[in-house]
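Colleague: Here is a sequence together with a model predicted from it:
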Amino acid sequence: MRRNKKYKSDSLCVVIFTLCLAARFIEYFLIETDRTAIGENVLHKAAGIIILALTLKRVNLTWSDIGFQRNGFVSSILKGLLLGSVCFIISFGLELAILALQGNPAHLEIYISSFSLTGSGIKNTDFVFFLLCVGQKLYGW
């Protein structure tokens, strides 16, 4: 198969980005997947992969031509997770250090918050509240 090198990569990138942005707006504002069991950021990512695959086929390129490799797939994922974890730990550590230096020591808590019209706030840390949130997300309770 002959490769088509007569395409304008800048224009192609702008078109792909615009299509993916449109898919994101549709997902957020029309479908509202954040209110469903699917959760947000799923459909527009799938649409982006499909758009990219169709574009690659149209311009006669392969995934490896744009940097994807079959070899080392799992190790690349693990390297990405390691990089993301290290960046998170560094940034969260810096934030904690800055808050401590300002006299506002912080700590990490996992809880579900609730509120009422009277302004009272409640922190729920029992496991049953987490299950209720998952049930609400999955089944719309």
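Modeller: Sure thing, it's come through.

Colleague: pLDDT at the residue most central in space within the chain, what is it?
Modeller: Nearest to the mean C-alpha position of the chain, by C-alpha atoms, centre = their mean, lies residue 41 at 5.7 Å. pLDDT recorded at residue 41 is 72.

Colleague: Equivalent analysis for residue 93, please.
Modeller: At residue 93, pLDDT is 93.

Colleague: a helix runs through the residue nearest to the centre of the chain, doesn't it?
Modeller: No: Residue 41 sits outside any helix when classified using DSSP: H, G, I helix; E, B strand; the rest coil, being coil.

Colleague: check contacts around it.
Modeller: For residue 41, the contacting residues are residue 27, by C-beta atoms under 8 Å, 6 or more residues apart in numbering. Just so you know, the C-beta spots here come from the backbone N, C-alpha and C atoms, and that holds for glycine as well.

Colleague: domain assignment for this structure?
Modeller: 1-68, 76-107, 109-141 (automatic domain parsing).
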